[in-house]
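Participant: 3D, please:
(chains A, B and C)
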Amino acid sequence: MFFGSKTGRFLILDFRFWILDLKNSSYKLTVLLSLVVMAALACHPVDVPSPVVETREVRDDLGRVVYVPVKIERAISLAPSLTEMIFAVGAGDRLVGVTTYCNYPAETAAIEKVGDTQTPNIEKIIALRPQVIFISTASQLEAFSKTLGEQGIAVYVTNPKTLDGVLENLRQMGDLFETSDIARKKVIDLEGRVSIVWNEFQRFGDPRPSPRPPKVFLQISRDPLFTIGNESFLTELIEKAGGDSVTSNVATAYPKISKETALALKPDVILLSDSEDNTGPSDVFKDSPAVKNGRVYKINADIISRPGPRLVDALEEIAKDLRSKN
Amino acid sequence: MLIAALVIAVSIGSERLAFFDLSDTQRSILFDIRLPRVLLGACVGASLAAAGASLQALLRNPLAEPYLLGVSNGAALGTMLAFVFFEQFFFARPLFALAGAGLATFTVYQMARSRAGMNVERLVLSGVIVTTFLSSIIVLFTSLLDAARLRGFTFWLLGDLSQATMSGFYLTLGASVLGTIVLRSQARPLNLMMIGERDAMDFGVEVGRVRLIVFGIASLLVGTSVAASGSVGYVGLIVPHLVRLSVGSDNRLVVPLSAIAGAIFVVLADTVARTVIAPRELPVGAITALIGAPLFIYLLRRN
Amino acid sequence: MLQVKDISVWFDERKVIEGVSLEVASGEIVALLGPNGAGKTTILRALNGTVPLKSGEITLNGTRLNELSRREIARNIAVVAQENETKFPITVIEFVLAGRFTRGAAFGWETPADIEAANNALGMCDLSGYAKRVMNELSGGERQRVVLARAMAAETGILLLDEPTANLDLSHQALMFRLVRERCRDVGASAIVITHDLNLASEFAERVILLKAGEVFAQGTTDQVLTRENVQRVYEVQVLLDENPASGKVRVTTVY
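Facilitator: Numbers count the residues shown, from 1 in each chain, chains lettered A, B, ... in the order given. All right, here's what the predicted structure looks like:
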């Protein structure tokens, strides 16, 4: 017979929970329990997930206490920036699942995909038996993470808001995966590159007769016109590269901005997040100094949208664009 | 009043403009961005309200509304297909939108119709079914096709006037003026049809022809509006309702006055959308739905 | 003048009317009688061309009905049917003016002549002062009179009435038939009336058509058709016949 007696019992149990559920009308619980059963069926013969492992207590970016195994063998990343970080600290081989958006470094191609950032496949995640799942708050997975937490899977949330925050995350990853040495080296390397940019900005960034940093408009999409606001790490990044984001006082991270306002901004430089709906600057900029002087630059959308180690690449590229006089 | 609304709308925006002695930038803001947007808003409002008023009379149902009947979503799907397959061709979007609107109207009408005639619940339900069905096709498209290329669509679907251009305005203006005139010409037959299709037939109305004209023109109006600005919801519900409250139910007054009041309503709603969280913007459809949805529930309960 | 030659009407696969012939001459009232489901309303609908025929033909003043536009038919034939409710606040005068649709341009407004005809019709139907009232706020009987007023305002040569007295009290039943009678006498109009009230039919109609199961059971003058045997066979009840002492017309009484 295909179903063993144990699974049979699970099915009955599950059915009882359904009835319970009708009484409590707690939908989530039912879904969860059904998933447990399905997962159990999937890895026949049935064994209780996660045998006792030694754990330690850490705090994530939200200040939550998370119990992670001392030795993390199986991890899943639900954000491309986190995947890049984990590879950067030399722990990429311990990733058993990533999202369909994770395309860097090349090794990610061989790792199991668990859906995209917004709609990961929870069945697949559970079937991969991870010990820790890394998510970023940008992916809006608070409710989802609770479900995983109840499964005995640690959920570690990162929420870097600045370049320094990204570097701090790298150190944390080093601690978590016990690859602190690689992480520390990586951080020192990145800090070095950041300070080179900063020094060059000090040297070249303030040339007379223009005593102010260039005004930069970062265009995320052309129609509707989305840009960056005060909550985006890119506002800080542009500053560090020696520019001044003209939308730094607009609320939220990625606002849709009024075309009237945009027209009045008159940026000196326009940066385009390179994608198919964003191939040129919006028409409202046709009289801006940026368009008139041909100072419109495309930047790889991946490196500027991910608060990961390649943010420094983005910083260098922006700095180079800001310094080049055509 | 329409002129007053237009003047108010043009003088308010996220950027303050001195009305005399404009700098080049300010002139550009006024004429290239704000004016087309306000004018397009007026045309879209007029189109949707006139279409709503006549559809209500035709279907003998004050709750009939392009957005709720799935007509807007049909047009949205059409626009999207045109965008995906015929991006270069300027007239493809309004044409496909028109076809989509017409198909959706026809489908809802056929579904809502029965031997016993058409009741309110059946019509609203058919509209909801067609709307959700079309929405799921739209969602399917956005997930299957390149996400970046269609990203703007999700915003646009809520009704968004920020992509206004002068050429879009001329097309919508032509459609709204022509459409309102044709619908006004059918106002007297519509008065009879509002009493009952049988009654209208008995007293000399070519019911089939009137139905064809009104469905066709309503699809044209909704199609061009949606192609220009996405689905701005509830305009076709709120505006004719208010007009009827003040002038009664004679369509010879209701249709043209709805067009004018619709223009005023959308222009003012968009002024709120443009300025309330400036320099950021809301989609105008969010404002109209905010006013329209409670009114819809009120009307449904009263029926 | 309306001539019906051997018409049949089918709804989908179901036969509703079979081989009906009749004629309505100027100035007369014809009563269409029969039990429920005998096809009375269907014949009435066929008479103004709103129900398609399977066979046979109807001619209006010598022209076949299906060669005329709806507007041309409506100019000659007005209908008084059961009014169905509408969700819109339509006023009495707007409702009655619908009867003048065929007189004006579709685009335009009513002429003073239209308004006058509508007001006259309201007066006739004991509805003076009702013009601005809203239809939905009227009683069933008042609405029924508005429906009659609309047909009167149309000033047609032929009136088709489908149970016009169903909602009316005794005095308004009499008023209704008196009005129809006067219209026929004064302008030579003709009327076809469906009713379940055999005595009203006997009182006002010149001729009677008795239907059973979609076919004409008997037609002729009131005296010829309203016999005890005919009525008992068509309605399948016991009746007594005598003479109305006031008018000398046949009076039918059901035996329970």
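Participant: buried ones in stretch A:176-185?
Facilitator: Using 16 or more other CB atoms under 10 Å in any protein chain shown as the test for burial, stretch A:176-185 gives A:176, A:177, A:179, A:182, A:183. Every residue, glycine included, has its C-beta placed from N, CA and C.
Participant: show me the two of these that sit farthest apart.
Facilitator: Farthest-apart pair in the buried residues of stretch A:176-185 is A:176 and A:182; separation 12.5 Å (CB to CB).
Participant: returning to what we had before: including pLDDT, could the buried residues of stretch A:176-185 go into a markdown table?
Facilitator: Converted to a markdown table, the buried residues of stretch A:176-185 look like this (pLDDT from 0 to 100):
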| residue | pLDDT |
| --- | --- |
| A:176 | 94 |
| A:177 | 95 |
| A:179 | 94 |
| A:182 | 95 |
| A:183 | 95 |
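Participant: which members of the residues you listed additionally contact chain B?
Facilitator: Near chain B, judged by CB under 8 Å from any CB of the partner chain, there are no entries from these.
Participant: and which of those residues is nearest residue B:196?
Facilitator: Distances from residue B:196 to the buried residues of stretch A:176-185, taken by CB to CB, are shortest for residue A:176, at 74.2 Å.
Participant: roughly how far apart are the closest one and residue A:87?
Facilitator: From residue A:176 across to residue A:87, the span is 14 Å (CB to CB, to the nearest Å).
Participant: how about residue A:246?
Facilitator: The value you get for residue A:246 to residue A:87, if CB to CB is used, is 35 Å.
Participant: those two: which is more packed in?
Facilitator: Of the pair residue A:246 and residue A:87, residue A:246 is the one with more neighbours under other CB atoms under 10 Å in any protein chain shown, namely 26 against 23.
Participant: which residue sits closest to the residue of the stretch 151-300 of chain B found nearest chain A, ignoring its sequence neighbours?
Facilitator: For the stretch 151-300 of chain B and chain A, the shortest gap (CB to the nearest CB) falls at residue B:279, measuring 3.7 Å. Of all residues not flanking residue B:279 in the chain, residue A:261 sits nearest, at 3.7 Å (CB to CB, 6 or more residues apart in numbering or on different chains).
Participant: for the helix or strand harbouring that neighbour, packing partners?
Facilitator: In this structure, residue A:261 sits in helix A:259-265 according to DSSP states H and E. With contacts taken as 3 or more CB pairs under 8 Å, 6 or more residues apart in numbering or on different chains; DSSP states H and E, helix A:259-265 sits against strand A:215-221, helix B:24-28.
Participant: what's in contact with it?
Facilitator: With contacts defined as CB atoms under 8 Å, 6 or more residues apart in numbering or on different chains, helix A:259-265 is touched by A:215, A:217, A:225, A:227, A:246-247, A:282, A:284-285, A:287-288, B:13-15, B:25-26, B:28-29, B:32-34, B:162, B:274, B:278-279.
Participant: in that helix, what's buried?
Facilitator: Under the neighbour-count criterion of 16+ other CB under 10 Å, helix A:259-265 has A:259, A:260, A:261, A:262, A:263, A:264, A:265 buried.
Participant: which of those sits closest to residue A:74?
Facilitator: Using CB to CB, these come closest to residue A:74 at residue A:262, 47.0 Å.
Participant: where does residue 160 land on pLDDT?
Facilitator: You didn't say which chain, so I picked chain A. On pLDDT, residue A:160 comes in at 88.
Participant: the intended chain is chain B.
Facilitator: On pLDDT, residue B:160 comes in at 84.
Participant: quick one, what contacts the closest residue to it other than its chain neighbours?
Facilitator: Of all residues not flanking residue B:160 in the chain, residue B:283 sits nearest, at 4.4 Å (CB to CB, 6+ apart). Applying CB under 8 Å, 6+ apart, we find residue B:283 in contact with B:155, B:158, B:159, B:160, B:230, B:273.
Participant: repeat that with 6 Å
Facilitator: Going by CB atoms under 6 Å, 6 or more residues apart in numbering or on different chains, residue B:283 touches B:158, B:159, B:160.
Participant: on that earlier part again, comparing the helices and strands packed on helix A:259-265, which comes out most buried?
Facilitator: With neighbours defined as mean count of other CB atoms under 10 Å in any protein chain shown, those peak in mean count at strand A:215-221, which reaches a mean of 25.
Participant: would you map the strands across the stretch 101-250 of chain C?
Facilitator: Shown for the stretch 101-250 of chain C, the strands assigned by DSSP state E, counting those that start in this stretch span residues C:158-162, C:190-194, C:207-212, C:215-221, C:238-243, C:250-255.
Participant: what parts of chain C come near chain B?
Facilitator: Counting by CB under 6 Å from any CB of the partner chain, chain C comes close to chain B at C:50, C:70-71, C:74, C:79, C:84, C:86-90, C:98, C:101-102, C:106-107.
Participant: and residue A:54, how many neighbours does it have?
Facilitator: 7.
Participant: hmm, I typed the wrong one, I wanted residue A:255.
Facilitator: The number of residues packed near residue A:255 is 22, by other CB under 10 Å.
Participant: phi first, then psi, for it.
Facilitator: Phi and psi for residue A:255, reported as degrees, to the nearest 10, are phi -80, psi 150.
Participant: same question, residue A:231
Facilitator: phi -90, psi 0.
Participant: hmm, it is touching residue A:254, no?
Facilitator: No. Under the criterion of CB atoms under 6 Å, residue A:231 is not in contact with residue A:254, lying 8.4 Å apart.
Participant: mind checking which of these two has more residues around it?
Facilitator: For residue A:231 versus residue A:254, the count of surrounding residues by other CB under 10 Å is larger for residue A:254: 17 against 13.
Participant: in which helix or strand would I find that one?
Facilitator: Judged by DSSP H and E, residue A:254 forms part of no helix or strand.
Participant: tell me which helix or strand comes right after the helix or strand containing residue B:262.
Facilitator: In the assignment (DSSP H and E), residue B:262 maps to helix B:251-275. Scanning forward in sequence from helix B:251-275 by DSSP H and E, the next helix or strand is helix B:284-302.
Participant: buried stuff in the helix or strand hosting residue B:77?
Facilitator: Per DSSP H and E: residue B:77 is located in helix B:71-85. By 16+ other CB under 10 Å, the buried positions in helix B:71-85 come out as B:71-83.
Participant: contact partners for residue A:132?
Facilitator: By CB under 6 Å, 6+ apart, the contact set of residue A:132 is A:68, A:72, A:75, A:154, A:156.
Participant: in strands, which of these fall?
Facilitator: Of the contacts of residue A:132, the ones assigned to strands by DSSP state E are A:68, A:75, A:154, A:156.
Participant: among those residues, who's most crowded?
Facilitator: residue A:75 (27 neighbours).
Participant: check the gap between it and residue A:61 for me.
Facilitator: 16 Å.
Participant: ok and the residue in the stretch 101-250 of chain C nearest chain B?
Facilitator: Residue nearest to chain B within the stretch 101-250 of chain C (CB to the nearest CB): residue C:102, separated by 4.2 Å.
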